[in-house]
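[1] okay, sequence plus prediction incoming.
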Amino acid sequence: MARARGYWLMKSEPGTYSIDDLARDGRTRWEGVRNYQARNYMRDQMKVGDLALFYHSSAEPSGVAGVAEIASAAYPDPTQFDGQSPYHDPKSKKDDPAWLLVDVTFVEKLPEVLALQRLKADASLSSMLVLRRGQRLSVMPVERAHFARVLRLGKARTRV
DNA sequence: GCCAACGTTGGC
DNA sequence: GCCAACGTTGGC
């Protein structure tokens, strides 16, 4: 029996990297994650074939913009060693990289961004992690039922 | 621009 | 190991 597919939410500021950028590129390195809990999710729990809600943060409106698929296992994020990168981490060692990333591929862009306000207004999503007060993780798990509900609210073609 | 929430850092 | 100071996130 195959392992059940996992579901995620991944945040990006669209001014940095948007769902349109992913639609154009098809595939990208999800670089710049600098939080240990988010890193551990990628390292320990993400699997190729898992689906992720692509969330636009600090946007107008903020909310779910599309769907991506996890396309690689976690591996060292090269930007941590790049002195020119905003994600440079001088404390990270080449032989023991602190930060990891995964590759993601484009699946779907929603017809319009499903705004945070609409997620909050939906009673069936009330326990969703991203809606929790103070929740700032840029990579977090999503329950299958919540994922399916978000896709439905967002008029997505993707099925869980 | 404000500020709540939370993670990290560093003095002790 | 405690915890205050500081930095970051991200909605509003």
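    Looks like it came in fine. Quick caveat, the model's predicted, so the values are computed rather than measured.
[2] tell me which stretches of chain A form strands.
    Counting by DSSP state E, one finds strands in chain A at the ranges A:7-12, A:27-29, A:51-56, A:63-70, A:75-76, A:100-101, A:103-115, A:139-141.
[3] any idea which of these is most buried?
    The highest mean neighbour count among the strands of chain A, using mean count of other C-beta atoms under 10 Å, belongs to strand A:51-56: a mean of 25. For glycine as for every other residue, the C-beta is placed from the backbone atoms N, C-alpha and C.
[4] direction included, what does that strand pair up with?
    Paired with strand A:51-56 in the same sheet, following DSSP bridges, are strand A:7-12 (parallel), strand A:63-70 (antiparallel).
[5] which among those strands is found nearest to A:Pro141?
    strand A:7-12 (6.0 Å; C-beta to C-beta).
[6] so what touches that closest one?
    A:18, A:30, A:41, A:46, A:50-57, A:64, A:68, A:70, A:104, A:129-130, A:138-144, A:146-147, A:160 (C-beta atoms under 8 Å, 6 or more residues apart in numbering).
[7] buried set for stretch A:16-29?
    A:Tyr17, A:Ser18, A:Ile19, A:Leu22, A:Thr28, A:Arg29 (16 or more other C-beta atoms under 10 Å).
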